[in-house]
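Student: got a sequence here, can you model it:
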Amino acid sequence: METTTDKKRLETATLNKDRNELQNTRHSRQAEESKPKMGIGEFMIFFLLAITADLLGGLDITGFGAILVRIIDIFVVLTLWLWRALKGNKNITNNYIYQLLGTFLLEVSPFGIIPTWTTFVLYIYIKDRKTGRQFLAKKSKE
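Tutor: Here you go, the predicted model:
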């Protein structure tokens, strides 16, 4: 009698384990599909915007150019923020607001000649691609 009860418990435990694995794979697939994707056209538009803003950062040497560069930086940060907000990413771990804020602060610092806007757009593009996520996941495990 005890052996049949043990067999039933073992079968139940195996079934529960299989159900949990199936649910985990479903959730991971749904999470993968729900991530915002960036198309090549969208990437090119924002990449060109970032490159233009970084090249105009060279005007920072002159007095009037410094003011103009700060106005351009504010326009770029608002444009990139609106772009990411409209993508609808609600997951806090994939939220780019913190990276965007850090990029903006680095851009308005005395080290503003660094191409931070271009780096930010490239980072988002790599992170949005499946191969980029796999590469970054491998690197974070090491």
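
Student: domains of this protein?
Tutor: Domain ranges of the chain: 1-34, 38-141, per automatic domain parsing.

Student: tell me the most buried of those domains?
Tutor: The highest mean neighbour count among those, using mean count of other C-beta atoms under 10 Å, belongs to domain 38-141: a mean of 14. Quick note: C-beta positions are derived from backbone N, CA and C, even for glycine.

Student: on that earlier part again, where among the domains of the chain is average confidence lowest?
Tutor: With a mean of 69, domain 1-34 has the lowest mean pLDDT of the domains of the chain.

Student: which parts of the chain are strands?
Tutor: With DSSP state E as the definition, the chain shows no strands.

Student: could you pull out the helices for it?
Tutor: Ranges of helices in the chain, per DSSP state H, are 2-34, 40-56, 63-87, 97-108, 116-128, 130-141.

Student: tell me the spacing between Leu105 and Val76.
Tutor: Remark: distance between Leu105 and Val76 (C-beta to C-beta, to the nearest Å) = 13 Å.

Student: give me every residue that touches Ile114.
Tutor: For Ile114, the contact set (C-beta atoms under 8 Å, 6 or more residues apart in numbering) comprises 106-107.

Student: going forward, the N-terminal residue is numbered 33.
Tutor: In the new count, where the first residue is 33, that last one comes out as Ile146.

Student: anything in contact with each of Leu137 and Val108?
Tutor: Contacts common to Leu137 and Val108, judged by C-beta under 8 Å, 6+ apart, are absent.
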